[in-house]
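[1] Model the structure of this input:
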Amino acid sequence: MKKILLVAVGLSMACNSSQKTVSQQTESAKKTVNPEVYASSITEADLKEHLYIYASDEFEGRNTGEPGQKKAVEYLKARYIELGIPAAKADGDYFQNVPLVISKLPEGNVSINGKEFSNGDGLLTFSAAKANLNNIAYVGYGIEENNYSNYSDVDVKGKIVLIKSGEPMNDDGTYTLSGTTQKSVWSNMSESLGKRMELAASKGAIGVFYYDEDNFARFKNRFNHMKKRDNGSMVLKDEVEQDFFQFYIDATVANQLLPNIKSENKSKIITTDLSLNIVSNSKDVVSENVAAIIKGSEKPNEYIIISAHLDHVGVGKDGQIYNGADDDGSGTVGVLEIAEAFKKAADQGDGPKRSIVFLHVTGEEKGLLGSKYYADHDPIFPLSETVADLNIDMIGRIDPKRDGDRNYIYLIGSDKLSTELHDLSEEVNQKYMNIELDYTYNDENDPNRFYYRSDHYNFAKNNIPIIFYFNGTHEDYHQPGDTPDKINYDLLQNRTRLVFYTAWEIANREARLKVDKAAK
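    Numbering: from 1, shown residues only. Have a look, this model is predicted:
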């Protein structure tokens with residue numbers, strides 16, 4: 001009887017214990033967490049302490065691949081270890097190596113039907129090119145979109161293609177692609193040049209001669225600047241090894257290849273005696289992205305990325321150090337403080353439902369190289385499961401050209417891909433911060449094109465919703481005067497907290513953000 005009684009009592013206690021656990025789980029599920037408790041850990045004092053180290057002379061301007069940049073990544077790694085936040089990579093390494101190449105400005109010439117053009121004289125290229133061909137493929141505007149294609153009547157595999165800028169128009173003055181007087185993305189050089197190159201390569205072309213009369217001077221200025229400084233151009237090694245030639249040509253060379261190219265739109269093969277003899281010396285550079293992660297408690301395989309670039313422009317020839325306190329020391333230390341806030345929440349059992357990736361990318365100043373490597377070559381986590389990227393690039397200063405409240409931030413891109421993200425961003429700010437959200441640079445017609453000029457763009461072009469947080473440029477932008485003593489630490493604190501709150505809401509909402517607009 002005693003044994004039976006003890007078993008019965010045991011069962012009774014087990015049932016009560018089970019009921020209590022279920023009840024506790026239910027209560028836990030209903031628990032509303034106040035993120036302000038954790039946001040309060042993001043302070044002016046901590047941001048200042050980090051930044052006075054990170055933007056100090058010791059870090060030598062953090063030029064990509066240089067000793068100062070190596071000190072920077074070690075500093076970031078040490079902070080994540082100190083916080084107890086693990087590396088994002090499965091092997092436990094906080095560093096994602098980004099293979100780069102510095103190509104010195106190449107020299108040589110191109111012969112077209114016996115007429116020679118030196119690099120820099122009527123044509124420009126920034127990488128080596130060796131080939132002997134007897135024809136090229138003319139593909140008009142080099143566009144393929146919906147039912148329109150310049151490639152439908154010509155096989156470009158194994159050929160260099162000749163492309164002109166712009167887009168087709170109808171006889172009534174409307175644009176063929178839109179059917180209206182509105183230009184498409186193909187008329188904007190900044191947005192369409194890469195698309196044209198990628199499309200040509202996907203069709204099997206080995207290179208492009210690109211004729212853009214309006215922007216040739218822009219390419220020539222870059223060429224002359226590099227020639228004067230003799231410092232070479234840094235690119236991703238994977239992309240150099242594709243051996244895809246890119247030449248920018250003026251009207252003289254364009255008409256040497258195809259007379260009356262301006263009026264000629266029909267795609268065709270052009271017989272020409274073409275010899276490319278462009279040589280360049282290159283130097284391998286190894287740099288690193290730094291990535292850490294807090295795993296989600298309920299949806300660990302969905303990821304929110306919080307990004308900032310860790311590099312700056314280094315030391316000038318006169319020995320002056322370009323500290324880059326605002327660009328992008330401010331974003332870098334902001335990410336560190338956001339990481340600490342999320343870790344405090346996780347330690348209290350209030351960790352995010354989705355995973356948060358803290359991504360510090362290299363080579364932004366060289367052409368968004370670190371983020372491009374992550375997004376286009378070696379994503380640590382699948383882009384298909386990446387919910388959003390919140391990118392912070394310069395949030396510690398005030399734009400002197402701006403009128404109004406000093407407690408502001410420029411928001412760029414929040415509405416480009418996801419209406420939900422834009423609405424969530426507005427609601428979060430209203431609920432927690434009441435910072436003035438200024439969308440001046442979000443305008444499609446903004447001549448600065450900032451949407452395309454920071455690391456978020458490499459995620460946006462892959463249909464990942466983004467927000468770019470930015471205070472605007474100032475007199476110390478890319479100058480030795482961008483030092484930590486000029487940072488507005490109260491604004492840096494407020495802006496960093498805003499990013500934290502936004503990430504918190506994205507990570508903990510029930511449904512994943514919807515992408516209801518197409519990437520441009």
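[2] which regions of the stretch 151-300 of the chain sit below the pLDDT cut-off?
    Scanning the stretch 151-300 of the chain for pLDDT under 70 picks out the ranges 240-242.
[3] can you map out the strands along it?
    160-164, 207-211, 233-236, 245-249, 268-279, 282-294, 299-309 (DSSP state E, counting those that start in this stretch).
[4] low-confidence ranges in this structure?
    Scanning the chain for pLDDT under 70 picks out the ranges 1-30, 240-242, 520.
[5] Spatially nearest residue to the residue most central in space within it, not counting backbone neighbours?
    Centroid-nearest residue in the chain: Asp455, 1.9 Å away (criterion: Cα atoms, centre = their mean). Nearest non-adjacent residue to Asp455, counting by Cβ to Cβ, 6 or more residues apart in numbering: Ser371, 3.6 Å away. Every C-beta, even on glycine, is put in place using the N, C-alpha and C of the backbone.
[6] And Met234, by the same measure?
    Once flanking residues are discounted, Met234 sits nearest to Lys366: 4.1 Å by Cβ to Cβ, 6+ apart.
[7] what's the distance between the one you found and Ile321?
    Applying Cβ to Cβ, to the nearest Å, the value for Lys366 to Ile321 is 18 Å.
[8] List the residues that contact Ser297.
    Applying Cβ atoms under 8 Å, 6 or more residues apart in numbering, we find Ser297 in contact with 351-353.
[9] Ok, Met226 next?
    Going by Cβ under 8 Å, 6+ apart, Met226 touches 105, 126, 232-233.
[10] Show me which pair in those residues is furthest apart.
    By the measure Cβ to Cβ, Phe126 and Gly232 form the most distant pair in the contacts of Met226, at 9.1 Å.
[11] Give the intersection of the neighbour lists for those two.
    Joint contacts of Phe126 and Gly232 (Cβ under 8 Å, 6+ apart) are 103, 105, 226.
[12] Make CSV out of the strands of the stretch 151-300 of the chain and add mean neighbour count and distance to Ala345.
    What follows is these, written out as CSV (neighbours: other Cβ atoms under 10 Å; distance: least, Cβ to Cβ, whole Å):
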stretch, mean neighbour count, distance to Ala345
strand 160-164, 25, 51
strand 207-211, 25, 50
strand 233-236, 20, 36
strand 245-249, 23, 47
strand 268-279, 15, 55
strand 282-294, 21, 9
strand 299-309, 24, 14
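[13] out of the ones you listed, nearest to Asp327?
    strand 299-309 (8.5 Å).
[14] The next helix-or-strand element following the closest one pairs with which strands?
    Once strand 299-309 ends, the next helix or strand along the chain (criterion: DSSP states H and E) is strand 314-315. If you go by DSSP bridges, strand 314-315 pairs up with strand 321-322 (antiparallel).
[15] Run through the residues that contact the residue nearest to Met234.
    64, 100, 234-235, 311 are the contacts of Lys366 under Cβ under 8 Å, 6+ apart.
[16] In a markdown table, list those along with distance to Tyr151.
    Putting the contacts of Lys366 into a markdown table (distance: Cβ to Cβ, whole Å) gives the following:
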| residue | distance to Tyr151 |
| --- | --- |
| Thr64 | 36 |
| Leu100 | 32 |
| Met234 | 31 |
| Val235 | 26 |
| Asp311 | 38 |
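[17] Break the protein down into its structural domains.
    Listed by automatic domain parsing, the domain ranges of the chain are 33-100+285-508, 105-280.
[18] hey, which of the ones you listed is tucked in deepest?
    Highest mean neighbour count of these: domain 33-100+285-508, a mean of 20 (counted as mean count of other Cβ atoms under 10 Å).
[19] First-to-last residue distance for that one?
    10 Å (Cα to Cα, to the nearest Å).
[20] Also stretch 180-193?
    This stretch, stretch 180-193, spans 22 Å end to end (Cα to Cα).
[21] Equivalent analysis for stretch 239-253, please.
    26 Å.
[22] Do I have it right that Arg495 meets Ile395?
    Yes: the criterion here is Cβ atoms under 8 Å, and Arg495 meets it with Ile395 at 4.4 Å.
[23] Let me have the shared contacts of Phe126 and Gly232 in TSV, adding distance to Ile269 as columns.
    Shown next, in TSV, are the shared contacts of Phe126 and Gly232 (distance: Cβ to Cβ, whole Å):
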residue	distance to Ile269
Ser103	31
Leu105	32
Met226	34
